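1. Sequence and computational prediction follow.
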Amino acid sequence: MKFDVSHVGGVENCYVSLPLQLIQTLESTRSGSLPQVLCLELRSLSNDGKWVMAWSGATSSSSAIENNGE
């Protein structure tokens, strides 16, 4: 799946917020509920770089994956 990553101010932790569509897709691929903390590996389309981030259940306010930019 392709998603934009958006840097938002006011987020003061190391976790990302995920769009509802992505959360629903992740939940539909598991037989049980998602773990409390989920590690994600995000890959850039423009280069070979990748980011490893954690998610703890927050839903983003947009259709992008949101992080604090740090």
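-> Noted; the coordinates are in hand. Here the structure is a predicted model, which is why all the values come from computation and not from measurement.
2. helix, strand or coil for the residue lying closest to residue 42 once chain neighbours are set aside?
-> Closest residue to residue 42 apart from its sequence neighbours, by C-beta to C-beta, 6 or more residues apart in numbering: residue 51 at 4.7 Å. For every residue, glycine as well, the C-beta is placed using N, CA and C. Assigned with DSSP: H, G, I helix; E, B strand; the rest coil, residue 51 falls in the strand class.
3. how about the closest residue to residue 59 other than its chain neighbours, phi and psi?
-> Nearest residue to residue 59, sequence neighbours excluded (C-beta to C-beta, 6+ apart): residue 20, at 5.5 Å. Backbone torsions of residue 20, given as degrees, to the nearest 10, read phi -60, psi -40.
4. Which pLDDT value does the model give residue 20?
-> At residue 20, the pLDDT value in this model is 91.
5. ok, back up a step: who are the neighbours in contact with the residue nearest to residue 42?
-> By C-beta atoms under 8 Å, 6 or more residues apart in numbering, residue 51 lies in contact with 5, 41, 42.
6. quick one: it from residue 63, how far?
-> 18 Å (C-beta to C-beta, to the nearest Å).
7. and what of residue 22?
-> Taking C-beta to C-beta as the measure, residue 22 falls 9 Å from residue 63.
8. overlap in contacts of those two?
-> With C-beta under 8 Å, 6+ apart as the test, residue 22 and residue 63 both reach residue 3.
9. and these two? which has more neighbours close in?
-> residue 22 (18 against 12; other C-beta atoms under 10 Å).
10. Find the nearest non-adjacent residue to residue 62, please.
-> residue 6 (6.4 Å).
11. in the chain, which residue is closest to the centre?
-> Central residue of the chain (C-alpha atoms, centre = their mean): residue 18, 4.1 Å from the mean position.
12. In contact with residue 64, which residues?
-> Counted by C-beta under 8 Å, 6+ apart, residue 64 has contacts 3, 4, 5, 6, 19.
13. Against residue 30, how distant is it?
-> Distance of residue 64 to residue 30, given as C-beta to C-beta: 23 Å.
14. now residue 59
-> With C-beta to C-beta as the criterion, residue 59 and residue 30 are 17 Å apart.
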